[in-house]
Structure formats: structure tokens, C-alpha cells
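J.: Provided below are the primary sequence and the corresponding predicted coordinates.
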Amino acid sequence: METVGFIGLGNMGGPVAGHIQRAGFPMVVYDLRPDAVRPFRQRGASVSTSAAELASVSDVIVTALPKPQDVEQVATQIIDGIKPGAVYIDISTSPPSLIRKLEPQFAAKGAHVLDAPVASGQPGAARGIHEIMVGGAPDIFERAKPVLNAFGDQVLYAGPLGSGSICKLVHQMINSTISQAIAEGLSLGVKAGVDVKSLWECVRRGMVGRMHVLHAQVPQNVFPNDYETDTFPLKLLRKDVGLATALGRELNVSLPLANITEQKLIEGINRGWGDKSAYTVTFKLQEEAAQVALRAEGVDPEQSGKYISTHPDAK
């Protein structure tokens with residue numbers, strides 16, 4: 001098995017390194033804090049005194065560091081010691097430009113680079129088990145997969161170098177925006193007099209809780225650019241959201257995302273899309289603004305819609 005060097009044994013990196021060590025990989029670790037490296041030494045890992053020393057004896061080097069500037073600083077030290085043929089993997093969250101900036105310096109030493117940021121694993125997964133979004137050369141991804149599989153419940157190849165970082169940033173942006181929308185909705189409902197638990201149950205057991213738009217309607221409507229519907233059109237959603245924002249004004253509840261969304265629905269209506277698919281036709285506005293086309297082939301909406309299918313009361 002390849003020797004894995006791991007740098008950064010903090011709240012995120014420590015559990016990840018633990019899974020890699022338990023998978024049986026020979027390990028070398030480095031962290032500025034003696035307490036962080038102690039348990040790994042006790043389980044048989046070697047402890048390096050610098051990032052360059054660690055790189056000189058490792059086949060695969062993994063970093064898990066707090067900030068992009070930390071990644072760049074440590075990566076520069078790794079380059080000083082890295083062996084030809086070795087693979088450097090950063091699992092931190094950084095801009096894609098950083099890993100692309102570093103790659104030529106590793107290539108000059110005959111080494112390879114992957115960006116592989118992580119997100120929380122499936123519910124119930126052990127601490128340190130993550131979804132991993134990987135960017136880099138496909139053959140290097142395949143070589144690194146045994147290491148990634150040691151701590152990944154879903155190891156996903158995202159594309160060329162930097163693609164993993166882009167996917168992680170988009171993941172975080174969408175997740176935080178959804179959180180804000182949930183906060184707006186729950187606060188409006190409670191201000192209007194509904195018990196918060198009852199409101200929460202009503203929301204989570206519907207399309208929102210199932211993320212039906214993401215799992216089913218995006219592949220059904222957006223990927224093929226087909227927004228015909230015989231169920232729920234945009235003009236009815238615009239009416240519903242308008243009633244919700246009106247309730248917010250009546251009750252003095254701030255609804256910044258909802259009001260922006262209502263304006264997008266109105267724009268869609270004004271484009272003549274009132275009878276098109278309610279939750280997805282306004283994707284066309286964002287495609288135009290970003291000057292991209294969100295097209296994909298070979299995605300079965302029925303199959304993708306099965307991703308979340310368990311009834312909340314199922315035993």
C-alpha cells in the first residue's frame with residue numbers, strides 16, 4: 001500500500017486521517033500541535049518535523065487546512081520535499097484558482113495534484129466520513145481512490161483540476177441560500193400564528209423536504225430544455241408567492257429572498273411563460289444572465305427522483 005502523509009489534524013482533518021489509518025495505510029503525519037499527532041503515533045504512524053520532510057517519504061500527501069493562505073504556504077513546503085510520481089491532494093475549501101496556480105510547481109517536480117474538498121457525509125455516517133468532490137486528471141483520481149474511499153461515503157469525480165473546488169463552493173452557496181429561505185418561511189408562519197413544529201412538518205413532508213426540484217424537476221425540465229407542464233404552471237406559483245410576500249408585509253416580516261424570487265417570477269410571466277413549469281422555467285433567466293446552458297443527456301428523472309424516497313413515518 002502507498003504511504004499516506006497527512007498534514008492538518010484538526011476538527012476536520014483529524015477524523016479523516018483516523019479513517020485512512022484504520023484502513024491500513026502506512027501513515028506519516030504532521031501538525032504543529034503535539035497533542036494532535038500523539039494518538040496517530042500511538043497507533044503506529046510516523047511523525048514528521050516539517051511538511052517538506054513528510055512529503056519526502058510519502059506517496060500520497062493530503063492537506064486539511066483552515067484557510068487558502070494556509071494551503072498555499074504548506075503546499076510550497078511540500079513542493080520542496082515531494083518525490084517524483086507522488087500525488088498531492090488538498091481536501092480543504094479553497095478557490096479553484098489556488099490549486100491551478102500550484103499545479104505547475106508540482107508538475108515541475110514530476111508530481112501530481114488533485115483538489116478534493118469534502119462535505120458532510122450521509123446522515124448517520126461516522127465523524128470524518130464525507131462526500132468528496134474531486135478535480136484532476138482521471139488516471140490520478142483512479143490511483144488515489146483507495147485513499148479517498150477510506151473516508152468517503154460518496155467519492156465523485158467532478159472533472160479537470162479545480163472542478164472539485166467549484167462544486168464545493170456551489171454546494172455551500174446553495175445550502176446557505178436554502179437555509180435562509182427556510183428561516184424566512186418558518187419565521188413568517190410562526191408570526192402568522194402557526195405552531196413551529198406543525199409548520200416544520202408541513203414543509204418537510206412536501207416538495208421542499210424532498211428537494212423535488214433538484215432531484216426530479218431539474219433533470220425533467222432543465223436538462224432537456226423542456227418546460228411544458230400539465231400540472232402546476234408558473235402563473236399559479238407567482239400568485240402563491242405573491243400572497244406569501246403580502247402576508248410578510250402585513251406582519252412586518254423581512255423576506256429578502258422571497259421578494260427577490262417574486263420579482264423573478266414576475267419577469268417570467270412577462271416573458272410569456274405563465275403556463276410553463278412553475279418551479280423551473282425561470283432557470284432560463286439565470287441561464288441568460290450567466291450565459292450558460294444547463295443541458296445534460298442520459299439522466300432519468302424517475303431514477304434521480306428516488307434519491308430521497310423514505311416516508312418520515314417508515315419503520
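T.: Nice, thanks for sending it over.

J.: give me the number of residues near G272?
T.: For G272, the count of nearby residues is 8 (other CB atoms under 10 Å). For glycine as for every other residue, the C-beta is placed from the backbone atoms N, C-alpha and C.

J.: can you pull out the helices in the stretch 151-300 of the chain?
T.: 163-191, 196-204, 207-210, 212, 234-251, 256-270, 283-290 (DSSP state H, counting those that start in this stretch).

J.: I'd like those laid out as TSV, including mean neighbour count, distance to N221 and mean pLDDT.
T.: Formatted as TSV, these follow (neighbours: other CB atoms under 10 Å; distance: least, CB to CB, whole Å; pLDDT from 0 to 100):
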stretch	mean neighbour count	distance to N221	mean pLDDT
helix 163-191	16	18	98
helix 196-204	13	22	96
helix 207-210	14	14	90
helix 212	16	12	93
helix 234-251	16	11	98
helix 256-270	16	13	98
helix 283-290	14	8	98
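
J.: now the ones you listed in JSON lines, with distance to D139?
T.: Shown next, in JSON lines, are the helices of the stretch 151-300 of the chain (distance: least, CB to CB, whole Å):
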{"stretch": "helix 163-191", "distance to D139": "15"}
{"stretch": "helix 196-204", "distance to D139": "42"}
{"stretch": "helix 207-210", "distance to D139": "38"}
{"stretch": "helix 212", "distance to D139": "37"}
{"stretch": "helix 234-251", "distance to D139": "46"}
{"stretch": "helix 256-270", "distance to D139": "43"}
{"stretch": "helix 283-290", "distance to D139": "31"}
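
J.: looking at these, which is closest to V71?
T.: Checking those against V71 by CB to CB gives helix 163-191 as the closest, at 10.5 Å.

J.: so the closest one versus helix 234-251, what angle?
T.: 60 degrees (axes from the mean of the first three to the mean of the last three CA atoms, to 10 degrees).

J.: centre of the chain to helix 163-191, how far?
T.: Offset of helix 163-191 from its chain centre (CA atoms, centre = their mean, to the nearest Å): 12 Å.

J.: now stretch 219-238
T.: 26 Å.

J.: quote the end-to-end distance of that stretch.
T.: Stretch 219-238 has an end-to-end distance of 22 Å (CA to CA, to the nearest Å).

J.: so for G85, which of the helices of the stretch 151-300 of the chain sits nearest?
T.: It is, among the helices of the stretch 151-300 of the chain and with distance given as CB to CB, helix 163-191, at 21.4 Å.

J.: relative to helix 256-270, how tilted is the closest one?
T.: Counting by the same axes, to 10 degrees, helix 163-191 lies at 100 degrees to helix 256-270.

J.: which elements pack onto helix 163-191?
T.: helix 96-108, strand 112-115, strand 118-120, strand 130-135, strand 152-159, helix 196-204, helix 234-251, helix 256-270 (3 or more CB pairs under 8 Å, 6 or more residues apart in numbering; DSSP states H and E).

J.: got JSON lines for those, with distance to E288 too?
T.: As requested, the helices and strands packed on helix 163-191 are exported to JSON lines (distance: least, CB to CB, whole Å):
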{"stretch": "helix 96-108", "distance to E288": "24"}
{"stretch": "strand 112-115", "distance to E288": "30"}
{"stretch": "strand 118-120", "distance to E288": "29"}
{"stretch": "strand 130-135", "distance to E288": "27"}
{"stretch": "strand 152-159", "distance to E288": "24"}
{"stretch": "helix 196-204", "distance to E288": "30"}
{"stretch": "helix 234-251", "distance to E288": "16"}
{"stretch": "helix 256-270", "distance to E288": "10"}
